[in-house]
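Q: The amino acid sequence is not available; the structure is as follows:
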C-alpha cells in the first residue's frame, strides 16, 4: 500500500504532466480532472510553483515553465 506521501507525489507528478500536455489550464479544470478539492489542488500547485515547474501568469491559469525536467 502506498503511503500518503507517495500518493501526493504521484498526484503532483500527474498534475504537472497534465499541464505540460495541455499547455495552459485553469485551477477549476484541474479540480474536475483530478476529482479533488480546490484546496488540495492549490497546495499541489504551490509545490510545483515553489520548485519553478509551473507558473500562473494570470490568476487561476497555470502553465509549465521552461525549466528542464526529466520525469521517471
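A: Sure, I can see it. Just so you know, these numbers come straight off a predicted model, no measurement behind them.
Q: Please give me every residue in contact with the residue nearest the centre of the chain.
A: Nearest to the mean C-alpha position of the chain, counting by CA atoms, centre = their mean, stands residue 15 at 3.6 Å. Remark: with contacts taken as CB atoms under 8 Å, 6 or more residues apart in numbering, residue 15 is in contact with 30, 34, 41, 44, 45, 48. Placement of C-beta: from N, CA and C, glycine included.
Q: Need the max-distance pair from those.
A: 34 and 48 (13.2 Å; CB to CB).
Q: Mind checking which of the two has more residues around it?
A: Each of residue 34 and residue 48 has its neighbours counted (other CB atoms under 10 Å); residue 48 has more, 19 against 15.
Q: if I look at the closest residue to that one other than its chain neighbours, how far off is residue 62?
A: Nearest in space to residue 48, with sequence neighbours left out and distances taken as CB to CB, 6 or more residues apart in numbering, is residue 54 at 4.3 Å. Distance of residue 54 to residue 62, given as CB to CB, to the nearest Å: 5 Å.
Q: sorry, back to before: closest to residue 66 out of the contacts of residue 15?
A: residue 48 (14.0 Å).
Q: can you confirm the closest one is in a helix?
A: Yes. The secondary structure assignment for residue 48 places it in a helix, going by DSSP: H, G, I helix; E, B strand; the rest coil.
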